[in-house]
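S.K.: Quick one: sequence and predicted model below, then my questions.
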Amino acid sequence: MIDRAEEILRQAVAGMSPEPTLERIGALPVSPCIARDDNGLDDRLQVTLAWSATTSGWTP
């Protein structure tokens, strides 16, 4: 699942000019999934990741 999230992010920045360099800057703690369908047992987990996107020579 984490690989899929990173793939989507890389596809999004591939169209930017100049294309930024992505660096994963860590993961926040894993916690139980908050999108429960019912009140039953749920073995899904929620993971939050963060990336830094930097470009050289970019000016606003």
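M.R.: Arrived safely. Numbers count the residues shown, from 1 in each chain.
S.K.: State whether G26 is indeed within a strand.
M.R.: Yes. The assignment for G26 (DSSP: H, G, I helix; E, B strand; the rest coil) places it in a strand.
S.K.: That one pairs with what?
M.R.: A50 (DSSP bridges).
S.K.: Let me see the contact set for I2.
M.R.: V47, L49 (Cβ atoms under 8 Å, 6 or more residues apart in numbering). C-betas here are computed from N, CA, C, even on glycine.
S.K.: what's the distance between it and T55?
M.R.: I2 sits 24 Å away from T55, going by Cβ to Cβ, to the nearest Å.
S.K.: ok, now L45?
M.R.: The gap separating L45 from T55 is 33 Å, by Cβ to Cβ.
S.K.: and these two? which has more neighbours close in?
M.R.: Using other Cβ atoms under 10 Å as the criterion, L45 and T55 rank with T55 on top: 13 against 10.
S.K.: What score does the more buried one have for pLDDT?
M.R.: You'll see T55 listed with a pLDDT of 82.
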